[in-house]
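[1] What follows is a predicted structure for the sequence shown.
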2 protein chains.
Amino acid sequence: MKNPVPVTAADLKRVCSQCNLLELCLPFGMDNQDLHRLDDLVGARRKIKRQQPLYRTGDPFEAIYAIRTGSFKTDVLLEDGREQVTGFQMTGEILGLDGISVELHSCNAVALEDSEVCVISYPRLEELSRLVEGLQHQFHKVMSREIVRDHGVMMLLGSMRAEERLAAFLLNMSQRFTARGFSSAEFHLRMTREEIGSYLGLKLETVSRAFSRFQEEGLVAVQQKHIRILDNSGLKNLIQHQAGLR
Amino acid sequence: MKNPVPVTAADLKRVCSQCNLLELCLPFGMDNQDLHRLDDLVGARRKIKRQQPLYRTGDPFEAIYAIRTGSFKTDVLLEDGREQVTGFQMTGEILGLDGISVELHSCNAVALEDSEVCVISYPRLEELSRLVEGLQHQFHKVMSREIVRDHGVMMLLGSMRAEERLAAFLLNMSQRFTARGFSSAEFHLRMTREEIGSYLGLKLETVSRAFSRFQEEGLVAVQQKHIRILDNSGLKNLIQHQAGLR
DNA sequence: TGTTGCGGTTGACCCACGTCAACCGGAAAA
DNA sequence: TTTTCCGGTTGACGTGGGTCAACCGCAACA
């Protein structure tokens, strides 16, 4: 489509060594020298429009993706149409790890807003991580972190009550916004009540009611997708002090 | 404790290249030459008595473990004592991947019966997998498979009804026993109803009732922990045809 | 050989959450 | 400007599975 053009300042800012997402992304903890070796690993970039899939279940696995801007959900579908949202991903987070196991993607990744990802060729990642110890180690950490996160979700789904689940979800979102330099107390959710519900194993009405209840109790101020956390420790208390049920 | 003794035939049978678990374990798909390079990676072996932990939450992470004999559960505990079983592991499966992310284990791994594991030093695994492409690739696959498995459990917990969950659990166990050369139709569960319940996000009474119901309907024959599957496709149908609920 | 204890089963009851349905408000389309 | 639509909220009601409690049987141990 495009003719080759000279490298611009904007292009430079796109490589890992210049990326402001560094601390949150795959290269975290790598030294400057190693970092520069990463720059040609992350070749293409891809823009994904809101509601569009980055990849789908069954797509051949070729690359993993680092989110540069925007956010995604991942979900798995049962034949009968039931959807389970398995996660929400924000900038710096890695998508596509599910594909390594059988060289096919095993879930859908859908943009929650117009987004951009860095495409990381998987064969080249393996190659480079055989040479760059820091990259290898960091990549393993990213995968392991995903496993730990999944265990947390199982805890949510298996052992918590509706309001506990939502409280845990809000605290988690808040913490991740904070890590990205946004307000920890006030943020905009990009997903619908139905998607939150699917993630938390609840129906959208239950999510909505729980939000209302939190509002009544002065824990948060809710205005559709706009959330303001008024009582952080109140939310935390909610989680630990509802035992004995379910 | 022991004085050095000459290598025996029994010792030899313990290295990866001689292990009959090969197909199920980390070295799956590696060629013979690479396989021999693995043999000194898997150094120590450890026996774990029933109910004893292989590692606990908070333990420093040093190694991953391949199950040689026996079986385990992994669980996470909430401060208030609630337990969530995150998985059951059988021979050939890998334990400890959760520890990579922060160099501390984030769950407990407990033997369900007297068991033995191969201890795989993590630093040496990273080292060797920089040299042996097949090992690197296989290790990544093992981690990815764990992520995919976790998504399946989320689907279970978030979108399925009690009987669907138990049916899915039984079919999964059956399939894994088959892969190990045991009967697919008849097997012995090593975990209690409470542990199954925790894994499936149900109370033990609900698990027990679901078992009884399956028995009434001629799907399985249940005698405490001994399970005989009488109608495999009946169980499968149960899963897909209970939509619209929950 | 009786005793103790744990894991499992079963019944009666109840409640958290799902279901169904009405309604609301903002955004996009007409 | 009105209409349509979609996401969200709220209420009334139903139910799947949790809770509580009794009981059973096998296995370990005295």
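    Thanks, I have it.
[2] how about the most centrally placed residue in chain A, phi and psi?
    Nearest to the geometric centre of chain A sits residue A:89, at 1.4 Å (CA atoms, centre = their mean). Residue A:89 adopts backbone torsions of phi -120, psi 140, taken as degrees, to the nearest 10.
[3] just the one 3 residues further on next, same as before
    Dihedral pair for residue A:92: phi 90, psi -20, per degrees, to the nearest 10.
[4] For it, grab the count of nearby residues.
    20 (other CB atoms under 10 Å in any protein chain shown). Every residue, glycine included, has its C-beta placed from N, CA and C.
[5] ok, so what distance separates it from DNA strand C?
    Using CB to the nearest atom of the strand, to the nearest Å, residue A:92 is found at 28 Å from DNA strand C.
[6] in terms of contact, does that residue touch residue A:27 like I think?
    No: between residue A:92 and residue A:27 there is no contact under CB atoms under 8 Å: 10.0 Å.
[7] Run through who's touching the strand or helix carrying residue A:123.
    With elements taken from DSSP states H and E, the one containing residue A:123 is helix A:122-131. Contacts with helix A:122-131, where a contact means CB atoms under 8 Å, 6 or more residues apart in numbering or on different chains, come from A:37-38, A:41, A:61-64, A:99-100, A:135-136, A:139, B:129-131, B:133, B:136-137, B:140.
[8] please redo it, this time with the cut-off set to 10 Å
    A:26, A:34, A:37-38, A:40-43, A:61-64, A:96-97, A:99-100, A:103, A:120-121, A:135-140, B:126, B:129-133, B:136-137, B:140 (CB atoms under 10 Å, 6 or more residues apart in numbering or on different chains).
[9] Across the sheet, point out what pairs with the residue lying closest to the residue nearest to the centre of chain A once chain neighbours are set aside.
    Distances taken as CB to CB, 6 or more residues apart in numbering or on different chains put residue A:72 closest to residue A:89, at 4.6 Å, once the chain neighbours are dropped. Assessed by DSSP bridges, residue A:72 has beta-bridge partners residue A:89, residue A:111.
[10] Enumerate every residue touching residue A:72.
    By CB under 10 Å, 6+ apart, the contact list for residue A:72 reads A:48, A:53-54, A:65, A:87-90, A:93, A:95, A:108-113, A:115, A:117, A:190-191.
[11] Just the ones of those residues in strands?
    Counting by DSSP state E, the contacts of residue A:72 place A:48, A:53-54, A:65, A:87-89, A:95, A:108-111, A:115, A:117 in strands.
[12] need the next SSE after the longest helix belonging to chain A, C-terminal direction.
    Ranked by residue count under DSSP state H, the longest helix found in chain A is helix A:133-159. Using DSSP H and E, the helix or strand that follows helix A:133-159 towards the C-terminus is helix A:162-179.
[13] Can you name the residues in contact with the helix or strand following that next one?
    Proceeding N to C from helix A:162-179, the next assigned helix or strand is strand A:186-188, under DSSP H and E. By CB under 10 Å, 6+ apart, the residues outside strand A:186-188 that reach it are A:113, A:170, A:173-174, A:176-178, A:180, A:182, A:220-221, A:224-230.
[14] buried ones in the helix holding residue A:123?
    A:122, A:125, A:126, A:128, A:129, A:130 (16 or more other CB atoms under 10 Å in any protein chain shown).
[15] Could you give the average pLDDT over it?
    For helix A:122-131, mean pLDDT is 96.
[16] how big is the angle separating that helix from helix B:122-131?
    Here helix A:122-131 points in a direction 120 degrees away from that of helix B:122-131 (axes from the mean of the first three to the mean of the last three CA atoms, to 10 degrees).
[17] Using PDB, list the CA coordinates for helix A:122-131.
    The C-alpha coordinates for helix A:122-131 follow below in PDB (Å, rounded to 0.1, in the frame of the first residue of the first chain):
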ATOM      1  CA  TYR A 122       6.700 -16.300  18.100                       C
ATOM      2  CA  PRO A 123       9.400 -18.200  16.200                       C
ATOM      3  CA  ARG A 124      11.700 -15.100  16.400                       C
ATOM      4  CA  LEU A 125      10.800 -14.700  20.100                       C
ATOM      5  CA  GLU A 126      11.900 -18.300  20.800                       C
ATOM      6  CA  GLU A 127      15.100 -17.700  18.800                       C
ATOM      7  CA  LEU A 128      16.000 -14.500  20.500                       C
ATOM      8  CA  SER A 129      15.200 -15.700  23.900                       C
ATOM      9  CA  ARG A 130      17.700 -18.500  23.400                       C
ATOM     10  CA  LEU A 131      20.300 -15.800  23.000                       C
END
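[18] Next to DNA strand C, which bits of chain A? Give me the list.
    A:161, A:162, A:163, A:201, A:202, A:203, A:205, A:206, A:245, A:246 (CB under 7 Å from any atom of the strand).
[19] one more time with 10 Å
    Residues of chain A lying near DNA strand C by CB under 10 Å from any atom of the strand: A:160-166, A:197, A:200-210, A:213, A:223-224, A:242, A:245-246.
[20] Among the contacts of residue A:72, name the buried ones.
    Buried among those (16+ other CB under 10 Å): A:48, A:54, A:65, A:87-90, A:93, A:95, A:108-112, A:115, A:117, A:190-191.
[21] Also near DNA strand D: which of those residues, exactly?
    Applying CB under 10 Å from any atom of the strand to the buried ones among the contacts of residue A:72, one finds that A:190, A:191 fall near DNA strand D.
[22] which regions of chain A sit below the pLDDT cut-off?
    A:1-14, A:241-246 (pLDDT under 70).
[23] repeat that for 90
    A:1-23, A:27-44, A:79-81, A:240-246 (pLDDT under 90).
[24] picking that back up, which ones among the residues of chain A next to DNA strand C are found in helices?
    Per DSSP H, those map to helices at A:162-166, A:197, A:200, A:204-210, A:213.
[25] Nearest residue to residue A:160 in space, please, no chain neighbours.
    residue A:168 (6.8 Å).
[26] give the contact list for residue A:91.
    Contacts of residue A:91 were listed using CB under 10 Å, 6+ apart, and they are A:20-21, A:24-25, A:66-71, A:115-117, A:176, A:179-180.
[27] ok, of those residues, which come out buried?
    Among these, those classed as buried by neighbour count (16+ other CB under 10 Å) are A:21, A:24, A:25, A:66, A:67, A:68, A:70, A:71, A:115, A:116, A:117, A:176.
[28] With distance to residue A:151 added, can I get these in JSON lines?
    Formatted as JSON lines, the buried ones among the contacts of residue A:91 follow (distance: CB to CB, whole Å):
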{"residue": "A:21", "distance to residue A:151": "25"}
{"residue": "A:24", "distance to residue A:151": "21"}
{"residue": "A:25", "distance to residue A:151": "22"}
{"residue": "A:66", "distance to residue A:151": "23"}
{"residue": "A:67", "distance to residue A:151": "22"}
{"residue": "A:68", "distance to residue A:151": "28"}
{"residue": "A:70", "distance to residue A:151": "26"}
{"residue": "A:71", "distance to residue A:151": "22"}
{"residue": "A:115", "distance to residue A:151": "27"}
{"residue": "A:116", "distance to residue A:151": "30"}
{"residue": "A:117", "distance to residue A:151": "26"}
{"residue": "A:176", "distance to residue A:151": "17"}
